[in-house]
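Asks: Fold the following.
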Amino acid sequence: MATTEEQSTPPASAVRHRETIDWSRREPVSSAVLTSVQSVDGRSPQELDPLAHYVDPDALEALFAGSDGESTSRHFSFEYDEYIVHVDGAGHVSIC
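Replies: Have a look, this model is predicted:
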């Protein structure tokens, strides 16, 4: 699947799990992604493939860095194993 910043939020019927990123704690996006995948997949973090096999974690963090006004409208989707991961600037990670 092509990754894109312009994709909208996936339809609720396609979402298996949704996690909220705590921006006030500056929780890394990559940590929220792995926590979300783990919630759906059931494997421990050590059993999951490294996120870097699917997306550059530093680029993912950089995409959602900045002021709330800048990042709120940003969206990014990518494949992780058998899942589609969607991250939005409102602070949601959805696993489809």
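Asks: switch to C-alpha atoms for all contacts and neighbour counts from now on
Replies: Will do.
Asks: How about the contacts made by residue 40?
Replies: By Cα atoms under 8 Å, 6 or more residues apart in numbering, the residues touching residue 40 are 16-17, 95.
Asks: gap between residue 91 and residue 74?
Replies: Here the criterion is Cα to Cα, to the nearest Å. By it, residue 91 lies 10 Å from residue 74.
Asks: returning to that earlier point: need the contacts of residue 40 in JSON lines (columns: pLDDT).
Replies: Formatted as JSON lines, these follow (pLDDT from 0 to 100):
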{"residue": "16", "pLDDT": "84"}
{"residue": "17", "pLDDT": "87"}
{"residue": "95", "pLDDT": "95"}
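Asks: what about residue 55, how many neighbours?
Replies: Residues lying near residue 55 (other Cα atoms under 10 Å) number 16.
Asks: That one touches residue 78, doesn't it?
Replies: Yes - when contacts are counted by Cα atoms under 8 Å, residue 55 is listed as touching residue 78 (7.4 Å).
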